[in-house]
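> Sequence and predicted structure, then a few things I'm wondering about:
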Amino acid sequence: MRLSSEQLAAQLARELKPLYTVFGDEPLLALEAGDRIRAKARAEGYIEREVLTVDTSFKWPQLMMAAQSQSLFASRKLLDLRIPNGKPGTDGSEALQTFCVSLPADTVTLITLPGIDWRAQKAGWFEALDGAGVTVEAKAVSRKALPQWLAARLKAQGQDADAEALAFITDRVEGNLMAAFQEVQKLALLFPPGPISFEQIREAVLDVARFDVFHLGLAMLEGDALRLTRMLDGLKGEGAAPPMALWAVCEEIRAIGRTLVAAESGRPLGTVWRDAKVWGVPHQTAMQQNLARFSKAQVAQGLRHAAAIDRMVKGLAKGDVWDELLQLAMRFSRKRAAVRA
């Protein structure tokens, strides 16, 4: 059974399963999921807890030994297995598949993994875990979904805010869900239950956003000039490497160009995305919604501009690389800067 972290609470309210696997790219949501499972197990009498961490000294027979051993003082047990690198190896793969064939009695097993790619999710050991128990994926919360996530967290503590206030918080915590969680908790300490005004939130919420160069492309597609400015300023302040930022911007420009060419042929969207190398539903949706804003001439001019920035990065030409990166990104925003040949 595959669930999102948001669906876990409802599942635990119905019943406690003997096996849970928690994995994903968002540490906060993975931590919360694990805490919910442990709390439910304690409430149902699984008092004894044994923690196993798979490191260089770990031997996989320890898993079966832990599953078979019971304390003299507790009849129910929580077995907490952690695989920090998400790679159990050959021995671990065999051990996990054997474990799933016959789950131990009077034991709830919680297995915690980091985010793993689709190839690892197709491996025999992961499919065995998925088939034998409940698999909880702690997905990163996208910027688009963040206002809704914030609203739900505020509602859970008896507070609410309007769309403008939620957008304000989103701008200041984007890419840093732990900070978002802390800011929401702070609002519960500062203000009573009920509506919180924009002015109150503006005074209380810090600017703790973190940005990833791999999100630059989606921001360019969506065309929000203010967000692009904040992202590039944030990346510069965090010490991001200019060549990596330039690569991310160029990859998106090339993807736009390939999509424009592929779309002219009238081929099905699936074929267009494959030919243009546009992967992932959010990326494809943004491309489809914004493609009409772009032209092949714009793409060609953008790539020439990128080549000039590359010369600056290599010290072959003078100029402010980060300022030029912003100007390049602005060519593809809804309110573009003047286009330079």
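Happy to help now that I have it. Numbering: from 1, shown residues only.

> C-alpha from now on. contacts and neighbour counts both.
Fine.

> Ramachandran coordinates for Lys77?
Geometry field for Lys77 lists phi and psi as phi -140, psi 140, criterion degrees, to the nearest 10.

> same question, the one 5 residues further on
Dihedral angles of Arg82 (phi, psi; degrees, to the nearest 10) stand at phi -120, psi 130.

> Phe191 now?
When read as degrees, to the nearest 10, the backbone of Phe191 gives phi -130, psi 150.

> All further residue positions should be reported with the first residue as 156.
Sure, I'll start numbering at 156, so the last one becomes Phe346.

> Would you tell me what helix or strand Gly394 is located in?
In this structure, Gly394 sits in neither a helix nor a strand according to DSSP states H and E.

> Could you check how far it is from Val368?
Going from Gly394 to Val368 by Cα to Cα, to the nearest Å gives 11 Å.

> Quickly list what's touching both of the two.
Common neighbours of Gly394 and Val368 are not found (criterion: Cα atoms under 8 Å, 6 or more residues apart in numbering).

> care to break this structure down by domain?
According to automatic domain parsing, the chain is divided into the following domains: 157-292, 301-359, 368-485.

> and the end-to-end length of the last one?
Spelled out, that is domain 368-485. Chord length of domain 368-485, first to last residue, is 16 Å (Cα to Cα).

> How is Arg204 classified with respect to secondary structure?
Here Arg204 is strand, with the state taken from DSSP: H, G, I helix; E, B strand; the rest coil.

> With adjacent residues omitted, what lies nearest to it?
Leu233 (4.6 Å; Cα to Cα, 6 or more residues apart in numbering).

> With Arg466 instead?
According to Cα to Cα, 6+ apart, the nearest residue to Arg466 is Ala472 (5.5 Å).

> could you say which helix or strand contains the one you found?
With DSSP H and E as the criterion, Ala472 is inside neither a helix nor a strand.

> Restricting to C-alpha, output stretch 448-458 in PDB.
Below are the C-alpha coordinates for stretch 448-458, written out as PDB (Å, rounded to 0.1, in the frame of the first residue of the first chain):
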ATOM      1  CA  ARG A 448       5.000  33.300 -24.600                       C
ATOM      2  CA  PHE A 449       8.100  32.000 -26.300                       C
ATOM      3  CA  SER A 450       9.500  32.100 -29.800                       C
ATOM      4  CA  LYS A 451      12.400  30.500 -31.600                       C
ATOM      5  CA  ALA A 452      14.100  33.900 -32.100                       C
ATOM      6  CA  GLN A 453      13.900  34.500 -28.400                       C
ATOM      7  CA  VAL A 454      15.500  31.100 -27.700                       C
ATOM      8  CA  ALA A 455      18.400  31.900 -30.200                       C
ATOM      9  CA  GLN A 456      19.000  35.300 -28.700                       C
ATOM     10  CA  GLY A 457      19.000  33.800 -25.200                       C
ATOM     11  CA  LEU A 458      21.600  31.200 -26.100                       C
END
